[in-house]
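1. Could you work out the structure for the sequence below:
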Amino acid sequence: MIGKLKIGSIYSPQGELPKSVWETVSAFANTNGGWLVLGVSQTGSNYEITGVGNTEKLEQDFLGTLRGAKFNVFVPTRQEYFDFDRRKVLAFYIPPHAQKPVYFNTRSNTYIRRGSADQKATAAEIDDMLRDRAFGTRSSTVAPGSSRGAIYAPSLERYRDYMARFNPDAGYNRFSEVEFLQKLRILDGEGCTYAGLLMLGKREAIEKYFPDFRIDLLEIPGTSYTDSQQRYTYRLEEQENLWEYYFGCFPRLKQKIEAHDEAHDEAHDEAHDLTPTEIAILEACRGGAQSANELLTALGYTMRTGNFKKALARLCEDLGLMEPTLPDSLRSKRQKYRLSTKGRTLVRRKLTEGT
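-> Numbering: from 1, shown residues only. From the prediction side, this is the model:
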């Protein structure tokens, strides 16, 4: 029985349902589902069939509560009955619920499953469930009629390169392209999920399902739209997908914020707490752009270590102190890295002072 049910939570009640049963129901419904078994006790890794008395009453109490007003939504179940030498066992399968969060009495009684324990969900986790309820289940749905051809190849290459530099030891870096797309749920079978399409799809494919797809970035002079004499001085061009919009918006916003408050930026630089490897990379680029191999030689490395890759990625992506010379061809053999305006300022102010 244990192997058949893949038990998630067990109880050995004596005629009454324990109150913690409802925590388990909430946790299973909010996570990946599981079997709740009545009539089995556990000691360490050993299970003992103790059975339950008055199975009809326990079943009616359990199912009646789920159909009543105790929970905020109806929780469906599947029941199994077992009889071991007159020791009866009840098992209820609680599937993952589409309308999360599932809770009893009040929203504060929202639970999630962590390993073999039921834990109260945090406010942030409950907010995530509410967002997913609004769109999350749809985002993992396959867009009808879509295919691998809807993916914008430059975005996919740029995304894989970013992920490889951000976390070089992650297993997905070794996946083939198809495996990568399937594991990250960009593709499901032969079709694209809505989330995958929005993230890495071609604009013409996205607009079949989201006709009004656009992210706007406008620069308007003045402190408000009403006191501006111009509609805007800059408007971001249309991009293919969310990934491309990110790289269109973020550098522009970052540049404007830095120019607006250089004093705060300097204080922020001091808080970066650069590692010795990061400092050495910045020093090596003081004379001009360097390729990855040239940086390795300057640092005395014989191969690209994880520390080197993480340091280079952090300087480019997180801190904005360096930038690639070929941003649209990140894997090019001619790729080099140079100090950004912010990086040159930091090197001039900090590194040359020996701090």
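2. sec struct for residue 37, please.
-> The three-state label given to residue 37 by DSSP: H, G, I helix; E, B strand; the rest coil is strand.
3. in terms of contact, does it touch residue 89 like I think?
-> Yes. Judged on CB atoms under 8 Å, residue 37 makes contact with residue 89 at a distance of 6.5 Å. From N, CA and C alone the C-beta is placed, and that goes for glycine too.
4. Remind me which helix or strand residue 159 belongs to.
-> helix 153-166 (DSSP states H and E).
5. neighbour-wise, which of residue 37 and residue 89 wins?
-> Between residue 37 and residue 89, residue 37 has the larger neighbour count (other CB atoms under 10 Å), namely 26 against 22.
6. Kindly provide the distance from that one to residue 82.
-> From residue 37 across to residue 82, the span is 9 Å (CB to CB, to the nearest Å).
7. Overlap in contacts, the two.
-> Applying CB atoms under 8 Å, 6 or more residues apart in numbering, one finds that residue 37 and residue 82 are jointly contacted by 89, 91.
8. Report the residue ranges of every domain in this structure.
-> As assigned by automatic domain parsing, the chain contains the domains 2-130, 148-209, 261-353.
9. Quick one: end-to-end length of the shortest one, please.
-> So the one you mean is domain 148-209. End-to-end distance for domain 148-209: 16 Å, by CA to CA, to the nearest Å.
10. follow-up on the earlier one: which parts of the helix holding residue 159 are buried?
-> For helix 153-166, the neighbour count (16 or more other CB atoms under 10 Å) marks 155, 156, 158, 159, 160, 161, 162, 163, 164, 165 as buried.
11. wait, isn't the first one in contact with residue 241?
-> Yes. Using CB under 8 Å, residue 155 and residue 241 qualify as a contacting pair, with a distance of 5.7 Å.
12. Can I get the helix or strand where residue 249 lies in CSV, CA atoms only?
-> Element membership of residue 249, judged by DSSP H and E, is helix 242-260. Written as CSV, here are the backbone C-alpha positions of helix 242-260 (Å, rounded to 0.1, in the frame of the first residue of the first chain):
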residue,chain,number,x,y,z
LEU,A,242,10.1,40.6,-23.2
TRP,A,243,13.7,39.6,-23.1
GLU,A,244,14.6,42.2,-25.8
TYR,A,245,12.5,44.8,-24.0
TYR,A,246,14.5,44.2,-20.8
PHE,A,247,17.8,45.0,-22.6
GLY,A,248,16.1,48.0,-24.3
CYS,A,249,14.8,49.4,-21.1
PHE,A,250,17.2,48.6,-18.3
PRO,A,251,20.5,50.2,-19.7
ARG,A,252,18.6,53.3,-20.6
LEU,A,253,17.0,53.6,-17.2
LYS,A,254,20.3,52.8,-15.5
GLN,A,255,22.1,55.5,-17.4
LYS,A,256,19.5,58.2,-16.6
ILE,A,257,19.4,57.3,-12.9
GLU,A,258,23.2,57.5,-12.7
ALA,A,259,23.4,60.8,-14.5
HIS,A,260,20.6,62.2,-12.2
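13. hey, where'd the strands end up in the stretch 1-150 of the chain?
-> 9-11, 34-38, 40-43, 46-49, 78-84, 87-94, 111-114, 117-120 (DSSP state E, counting those that start in this stretch).
14. Adding distance to residue 218 and mean pLDDT, write those strands out as TSV.
-> What follows is the strands of the stretch 1-150 of the chain, written out as TSV (distance: least, CB to CB, whole Å; pLDDT from 0 to 100):
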stretch	distance to residue 218	mean pLDDT
strand 9-11	53	62
strand 34-38	49	87
strand 40-43	61	75
strand 46-49	63	76
strand 78-84	53	85
strand 87-94	48	87
strand 111-114	40	90
strand 117-120	43	89
